[in-house]
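*Asks:* return a 3D structure for these sequence lines:
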Amino acid sequence: MQGVTVVDHPLVQHKLTLMRDKTRSTKGFRQLLNEIGMLLAYEVTRDLPLEMTDIETPMAPMKAPVLAGKKLVFAPILRAGVGFLDGMLSLVPSARVAHVGLYRDPKTLVAVEYYFKAPEDLADRVVLVLDPMLATANSAIAAVDRLKEAGAKSIRFVCLLAAPEGIEKFRGHHPEVHVWTAAIDERLNEHGYIIPGLGDAGDRMFGTK
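*Replies:* All right, here's what the predicted structure looks like:
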């Protein structure tokens, strides 16, 4: 699919299979989401620009590469998106964090905002929007809309699973925002859940169902 990268690394695929298993404990699911978040962050940041700086090793001075420009912003969509956060911050500890609070109306499936807080200089940073599931895409679209309103110009979307319907809708609204996912599943059911999927990521992560 155009504008979508499926991260097919063996460790990502193995951990995703473990997470799909309905017998996985809350603790196990949460830990795997943390681990897979780190692996996805590694892939999503593969093309970040570098610049050379002067350092001295114990043996000699040299020019060596460091990340150029301002650090990343991780923007998890509450609540399930925070499951990616610790793993990604362990890889990029200096990143800033924005929070986008959205919930899905159970009747209309429309995303409703209840909280938003982000760094003021979003325009100068690469923003990674985090949500385990790209299902109806309503929350993803609303989150990117809100971040753009706040000034974000360079945005990437990271998820664990995506439905074809969600990808099509999201790309229709934000064609310039590239999507990284561990898998594209078959379809959505009548309740807006991904099939075969892994259930509700937030409920499984926090043990609320």
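*Asks:* use CA for all of it now, contacts and neighbours both
*Replies:* Fine.
*Asks:* contacting residues around L122?
*Replies:* Going by CA atoms under 8 Å, 6 or more residues apart in numbering, L122 touches V73, A150, G151, A152, K153.
*Asks:* ok, and the most crowded of the residues you listed?
*Replies:* V73 (24 neighbours; other CA atoms under 10 Å).
*Asks:* check the gap between F206 and Y115 for me.
*Replies:* 19 Å (CA to CA, to the nearest Å).
*Asks:* what about these two, which has more around it?
*Replies:* Ranked by neighbour count (other CA under 10 Å), F206 and Y115 place F206 first, with 15 against 11.
*Asks:* state the distance from the nearest residue in space to K63 that is not next to it in sequence to V177.
*Replies:* Closest residue in space to K63, ignoring its immediate chain neighbours: D54 at 4.6 Å, by CA to CA, 6 or more residues apart in numbering. According to CA to CA, D54 and V177 sit 34 Å apart.
*Asks:* pick out whichever of those two has more residues nearby.
*Replies:* Remark: of D54 and V177, V177 carries more neighbours, 18 against 9, as counted by other CA under 10 Å.
*Asks:* residue ranges with poor pLDDT in the protein?
*Replies:* For the chain, applying pLDDT under 70 flags the ranges 109.
*Asks:* roughly how far out does stretch 77-96 sit from the chain middle?
*Replies:* From the chain centre to the centre of stretch 77-96 is a distance of 9 Å (CA atoms, centre = their mean, to the nearest Å).
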